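# Just need the structure, nothing else, for what follows:
(one chain, ligands or ions: 1)
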Amino acid sequence: MNNFTDLQSQPPLLEVNNLETAFEIDGEWHNAVDNVSFQVKPKQVIGVVGESGCGKSVMSLSIMKLLPKGIGKIRNGDIKFNGINLEKLNDKEMNKVRGKDIAMIFQEPMTSLNPVFTIGFQLSESLHNHFNISKKDARKKVIHLLDKVGISRPEKVVDEYPHQLSGGMRQRVMIAMAIACEPKLLIADEPTTALDVTVQAQILELLQELQTTNDMSIILITHDLGVVAESCHEVIVMYAGEVVEQTDVVTLFESPKHPYTQLLMQSIPRMDQEEEVLASIEGIVPSLKNMPRQGCKFVDRCPKAMDECRSITPQLRESSPGHGVKCLLYETSWEQEGMKAK
Ligand SMILES: Nc1ncnc2c1ncn2[C@@H]1O[C@H](COP(=O)(O)OP(=O)(O)OP(=O)(O)O)[C@@H](O)[C@H]1O
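Numbers count the residues shown, from 1 in each chain. Sure thing, here's the model as predicted:
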């Protein structure tokens with residue numbers, strides 16, 4: 001992994017500024033991603049964590065411009081890749097960016113692989129989409145890619161079909177497909193969730209290795225802070241579409257500030273625990289239609305909630321340089337305003 005301080009001085013590869021992505025439900029638009037801003041530096045691995053329904057996938061689909069047409073849209077903010085505003089690109093231009101500059105892998109590889117075509121055919125397709133390459137050279141490159149992602153006997157696997165491979169191998173194939181065109185940014189959406197623990201560790205190791213050899217940045221989306229601790233430089237904690245905490249990985253683990261992050265920390269299995277006694281966070285993430293319009297969205301589940309949390313909407317503020325927290329516990333201005341009013 002690269003040194004965190006070295007990365008800080010570089011211009012961003014990806015900039016997400018005040019992103020709001022909404023879905024239309026019963027004639028009304030609701031934000032699934034609400035005013036999210038962050039940057040990804042070249043060669044940086046950034047983790048996006050949060051429970052199911054926090055907006056992690058919608059955020060990555062927004063970056064890829066793959067939101068379901070007609071139902072979902074970016075209604076505010078912008079996304080810049082290498083300084084280019086992706087919103088301004090037409091479909092053809094965006095198709096070039098996808099795969100070639102930014103690639104994505106998903107949780108369940110079987111849904112992304114076509115069962116009726118061989119691995120070789122599917123991998124060469126993505127090469128043909130972006131490069132003028134002969135069939136023979138594409139096959140050679142596919143075998144090389146399969147080898148690179150740790151698939152043994154790649155010359156055999158190239159002619160096999162997805163169902164002939166294990167879950168871990170299929171995820172390796174997806175990674176091979178994603179890195180085929182050497183993208184500068186890989187978005188990995190829960191890449192290990194469907195795999196057993198040993199295979200999970202191997203896939204994470206592979207991603208880390210590729211990040212270094214290919215000089216790639218990675219956005220690693222996960223609900224598991226344990227995965228983040230292993231692989232990321234910087235972390236964004238999302239709750240109900242918003243960033244509630246954002247900092248480097250060491251600071252996050254040494255001094256998590258937001259009550260939501262603290263609860264997520266308690267749900268990481270630890271090696272020194274004889275039995276897995278995992279804290280679970282009571283309640284669920286509010287649905288888009290039931291999202292509180294005012295105050296903190298975590299209030300109903302927060303063990304540290306105060307009366308003011310229902311009426312005052314917290315702002316994402318730096319609690320120390322580079323450590324953003326969106327919680328009234330770390331804001332003093334609302335208390336001062338209250339004092340003035342008295
Ligand atoms: N096509 C859609 N139409 C309406 N609402 C949607 C759609 N896709 C996602 N949502 C809503 O947007 C919110 C964020 O969903 P998202 O899938 O991004 O969460 P997530 O954090 O990625 O969860 P998971 O880990 O389960 O994928 C949720 O409330 C979800 O129900």
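
# Where does the residue positioned nearest the centre of the chain sit: helix, strand or coil?
By CA atoms, centre = their mean, the chain has its centre lying nearest to residue 221, at 2.9 Å. At residue 221 the chain is in strand, as set by DSSP: H, G, I helix; E, B strand; the rest coil.

# you'd agree it is up against residue 58?
No. With contacts counted by CB atoms under 8 Å, residue 221 stays clear of residue 58, the gap being 10.7 Å. Using the backbone N, CA and C atoms, a C-beta is placed for each residue, glycine as well.

# mind checking how far the helix or strand containing residue 206 is from the chain centre?
For residue 206, the host element (DSSP states H and E) is helix 197-213. Here helix 197-213 is found 16 Å from its chain centre; the criterion is CA atoms, centre = their mean, to the nearest Å.

# With stretch 303-316 instead?
That offset, for stretch 303-316, works out to 27 Å (CA atoms, centre = their mean).

# End to end on that stretch, go ahead and measure it.
Stretch 303-316 has an end-to-end distance of 20 Å (criterion: CA to CA, to the nearest Å).

# Please name the nearest non-neighbouring residue to residue 143.
residue 154 (4.7 Å; CB to CB, 6 or more residues apart in numbering).

# give me every residue that touches the one you found.
142, 143, 144, 146, 147 (CB atoms under 8 Å, 6 or more residues apart in numbering).

# one step back: contacts only, for the residue nearest to the centre of the chain.
Taking CB under 8 Å, 6+ apart, one finds 47, 48, 49, 56, 57, 60, 187, 188, 189, 190 in contact with residue 221.

# Flag every residue of the stretch 101-250 of the chain that's near the ligand.
Residues of the stretch 101-250 of the chain lying near the ligand by CB under 6 Å from any ligand atom: residue 223.

# Where does pLDDT dip in the stretch 101-250 of the chain?
109-110 (pLDDT under 70).

# closest point of it to the ligand, which residue?
residue 223 (5.7 Å; CB to the nearest ligand atom).

# Let me know the pLDDT of the closest residue in space to that residue that isn't next to it in sequence.
Leaving aside its sequence neighbours, residue 223 sits nearest to residue 51 (CB to CB, 6+ apart; 5.7 Å). As predicted, residue 51 sits at a pLDDT of 91.

# a strand runs through residue 51, doesn't it?
No. Counting by three-state DSSP, residue 51 is not part of a strand but coil.

# For the stretch 1-150 of the chain, which segments count as strands?
In the stretch 1-150 of the chain, the strands defined using DSSP state E, counting those that start in this stretch lie at 14-25, 28-40, 45-49, 72-81, 84-85, 102-105.

# mind listing what the fourth one pairs with, with the direction of each?
Using DSSP bridges, strand 72-81 pairs in its sheet with strand 14-25 (antiparallel), strand 84-85 (antiparallel).

# Please name every helix or strand in contact with whichever helix or strand residue 238 is part of.
With secondary structure defined by DSSP H and E, residue 238 is part of strand 234-239. Counting contacts by 3 or more CB pairs under 8 Å, 6 or more residues apart in numbering; DSSP states H and E, strand 234-239 packs against strand 28-40, strand 45-49, strand 242-248, helix 249-254, helix 259-266.

# Identify the residues contacting that strand?
Contacts for strand 234-239 (CB under 8 Å, 6+ apart): 4, 36, 38, 44-51, 54-56, 59, 228, 243-249, 252, 258, 260-261, 264, 285, 297-298.

# mind redoing it with 7 Å?
Residues from elsewhere that reach strand 234-239, judged by CB atoms under 7 Å, 6 or more residues apart in numbering: 38, 44, 46-50, 54-56, 228, 243-249, 252, 258, 260-261, 297-298.

# and what of stretch 63-75?
19-24, 29, 61-62, 79, 86-87, 94, 98, 102, 104, 187.

# try stretch 130-146
99-100, 120, 123-124, 127-128, 154-155, 157-158, 176, 180-181.

# Let's see which of those end up in helices.
99, 100, 120, 123, 124, 127, 128, 154, 155, 157, 176 (DSSP state H).

# could these be laid out in CSV, adding distance to residue 72?
Output for the ones in helices among the contacts of stretch 130-146, formatted as CSV (distance: CB to CB, whole Å):
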residue, distance to residue 72
99, 21
100, 24
120, 34
123, 30
124, 32
127, 30
128, 30
154, 38
155, 42
157, 36
176, 29
